[in-house]
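Undergrad: here's my sequence, what's the structure:
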Amino acid sequence: MNMIEIWKNRVRLHQKKMMRYMKYVFNDHFVLVCLFLMGALGYAYSNFLKSLTGDFIWSRPIVLVVFVLLILTGKLATLIQPADAVFLLPKEEQMKGYFKGAKMYSSLLPSFIIVLITAFLMPLLVATTTLTFFDMVYFIVMVLMLKNWELELQIYALKVSQKKERQMLTLIKVATVALISGISLFSYPIIGVVLAILLVVGSKNVLSKKGNHQVYQWEWMVSSEQQRMHRIYQFINLFTDIPSLKGKIRRRKYLDGFLKGIKPVHQKTFDYLYARTFLRGTEYSGLFIRLTGIVAILIVVTHSFYVGLFLAVIFIYLTGFQLVPLYFHYDNMALTNLYPVKEKEKLAALKRLLRMILFGQSVIIFIASLAVLSISESLLMGIVALGFSVVFCQVYLPSRIKKMTLAKRY
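TA: Sure, this is the predicted structure:
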């Protein structure tokens, strides 16, 4: 079996595995939330464009930053496995075909996102500059070419042994992408296309010659691919359990103060366990921080009371929904099953923790809304957020846990 066949086989198995998880990710709730969120953002973006005038100078810098992020975001999907460092080492000279397939596969999703976001940004440029919608073609071609070049650099970096050299490659990527994108935005878009093509053609020969005198760093390739898959599994884990995902536990002694209010009595056993798990485990606390940060930013950006109110309710629901599995976190530990704690006390413990977490999120939402809304609107949003948190904990949570418990039994 040659390396191209190995790649095709791995892609097929990888896609089969991902499709099995995607049915849980793109469930009815998530799709509905995405549709409403897209509608809300589209409405806010439309109102924002209507308020702009020709003297708005930040459109080009904003698009420049977005272009740089579009090009530099997204890792090369090598699908390298730990055993490859031994079994594929003799076939190292044949790896070019393997990584050619990896590059094509890794460019599919970024290409779609690049076209979508560039089309989304064009009304902003047309409304505030002399650019036209036809220039979008030049921008799309330029960004796609730069992304192709960036993936080539990622393949070359697999042969770089020194961390400092990899960091230097990253700086070169940022500077080059920013320079070419800036020239295209602030002069003529077609110049960016020409520069991008010259960069791709010129660097291909240079990287090929340098790469011929280097060998692949297998430990780095395995580690990089494991990190990439870990990030993917972290996202999927928001919707369903991933057996292969191992969460990291951190001591976080500085957060011990939050546990002092829990009385050391056996009725509060799970209050302590759940709180400690939330504070120490990066899965749950990281999820809370990410969702809270996103909703706070969206409320400030949308600058609309009704859109902000909708986002507040949706993100409180998403946060609570993703924290429900905490209830079953200790089910596979024999000692916790010996504790003299009733199921209703276990449920009450999770209710108290989620209530505190969602109340804290509601307060942050209220503070964020003060930046763009009136005090009365912010107060109303905060009250609705708190009220929804109570309803979630008292009504939805027991029902959800009951369904999940029955599903685990059968």
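Undergrad: where do the helices sit along the stretch 151-300 of the chain?
TA: Under the criterion DSSP state H, counting those that start in this stretch, the stretch 151-300 of the chain contains helices at 163-186, 189-211, 218-236, 269-280, 282-302.
Undergrad: could the ones you listed go into CSV alongside distance to Leu32?
TA: Yep, even glycine has a C-beta here, placed from its N, CA and C like the rest. Below are the helices of the stretch 151-300 of the chain laid out as CSV (distance: least, CB to CB, whole Å):
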stretch, distance to Leu32
helix 163-186, 36
helix 189-211, 38
helix 218-236, 18
helix 269-280, 27
helix 282-302, 17
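Undergrad: of these, which stretch is the most buried?
TA: Highest mean neighbour count of those: helix 269-280, a mean of 20 (counted as mean count of other CB atoms under 10 Å).
Undergrad: tell me the helices and strands packed up against that one.
TA: Under the contact criterion of 3 or more CB pairs under 8 Å, 6 or more residues apart in numbering; DSSP states H and E, helix 269-280 touches helix 282-302, helix 343-370.
Undergrad: confirm for me that Glu225 is in contact with Ile80.
TA: Yes: with contacts counted by CB atoms under 8 Å, Glu225 reaches Ile80, the gap being 4.6 Å.
Undergrad: just give me the residue closest to the centre of this protein.
TA: With distances taken as CA atoms, centre = their mean, the residue of the chain nearest its centroid is Phe235 (6.7 Å).
Undergrad: just give the nearest non-adjacent residue to it, would you?
TA: Among residues not flanking Phe235 along the chain, Val25 sits closest, at 7.8 Å (CB to CB, 6 or more residues apart in numbering).
Undergrad: tell me if I'm right that that neighbour and Ile232 touch.
TA: No: counting by CB under 8 Å, Val25 does not reach Ile232; the two are 10.5 Å apart.
Undergrad: what do those two both touch?
TA: Taking CB atoms under 8 Å, 6 or more residues apart in numbering as the contact rule, Val25 and Ile232 have no neighbour in common.
Undergrad: thinking again about what came up before, out of the helices and strands packed on helix 269-280, nearest to Pro110?
TA: helix 282-302 (21.2 Å; CB to CB).
Undergrad: restrict the closest one to CA atoms and write it as CSV.
TA: Extracted in CSV, the C-alpha atoms of helix 282-302 (Å, rounded to 0.1, in the frame of the first residue of the first chain):
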residue,chain,number,x,y,z
THR,A,282,-10.9,22.9,32.3
GLU,A,283,-13.9,21.3,30.4
TYR,A,284,-16.6,22.9,32.5
SER,A,285,-15.0,26.1,33.7
GLY,A,286,-13.5,26.7,30.2
LEU,A,287,-17.0,26.2,28.6
PHE,A,288,-18.5,28.8,31.0
ILE,A,289,-15.8,31.3,30.3
ARG,A,290,-16.0,30.9,26.5
LEU,A,291,-19.8,31.1,26.3
THR,A,292,-20.0,34.1,28.7
GLY,A,293,-17.3,36.0,26.8
ILE,A,294,-19.0,35.3,23.5
VAL,A,295,-22.4,36.5,24.7
ALA,A,296,-20.9,39.6,26.3
ILE,A,297,-19.1,40.6,23.1
LEU,A,298,-22.2,39.9,20.9
ILE,A,299,-24.4,42.0,23.2
VAL,A,300,-22.0,44.9,22.9
VAL,A,301,-21.6,44.5,19.1
THR,A,302,-25.2,44.1,18.2
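Undergrad: give me the buried stretch members for the helix or strand harbouring Tyr45, please.
TA: Per DSSP states H and E: Tyr45 is located in helix 28-50. For helix 28-50, a neighbour-count test (16 or more other CB atoms under 10 Å) marks 33, 37, 40-41, 44-45 as buried.
Undergrad: just the C-alphas of that helix, formatted as PDB.
TA: Extracted C-alpha coordinates of helix 28-50, given in PDB (Å, rounded to 0.1, in the frame of the first residue of the first chain):
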ATOM      1  CA  ASP A  28     -32.500  20.600  16.300                       C
ATOM      2  CA  HIS A  29     -31.600  22.900  19.200                       C
ATOM      3  CA  PHE A  30     -28.300  23.900  17.800                       C
ATOM      4  CA  VAL A  31     -29.600  24.400  14.200                       C
ATOM      5  CA  LEU A  32     -32.500  26.500  15.500                       C
ATOM      6  CA  VAL A  33     -30.100  28.600  17.700                       C
ATOM      7  CA  CYS A  34     -27.800  29.100  14.700                       C
ATOM      8  CA  LEU A  35     -30.600  30.300  12.500                       C
ATOM      9  CA  PHE A  36     -31.800  32.800  15.000                       C
ATOM     10  CA  LEU A  37     -28.300  33.900  15.700                       C
ATOM     11  CA  MET A  38     -27.600  34.400  12.000                       C
ATOM     12  CA  GLY A  39     -30.800  36.400  11.600                       C
ATOM     13  CA  ALA A  40     -30.000  38.600  14.600                       C
ATOM     14  CA  LEU A  41     -26.400  39.300  13.500                       C
ATOM     15  CA  GLY A  42     -27.700  40.000   9.900                       C
ATOM     16  CA  TYR A  43     -30.200  42.400  11.200                       C
ATOM     17  CA  ALA A  44     -27.600  44.200  13.400                       C
ATOM     18  CA  TYR A  45     -25.100  44.300  10.600                       C
ATOM     19  CA  SER A  46     -27.700  45.800   8.200                       C
ATOM     20  CA  ASN A  47     -28.500  48.500  10.700                       C
ATOM     21  CA  PHE A  48     -24.800  49.100  11.300                       C
ATOM     22  CA  LEU A  49     -24.200  49.600   7.500                       C
ATOM     23  CA  LYS A  50     -27.100  52.000   7.200                       C
END
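Undergrad: need the longest helix for this structure.
TA: Counting by DSSP state H, the longest helix found in the chain is helix 95-128.
Undergrad: need the contact list for Val174.
TA: Counting by CB under 8 Å, 6+ apart, Val174 touches 68, 72.
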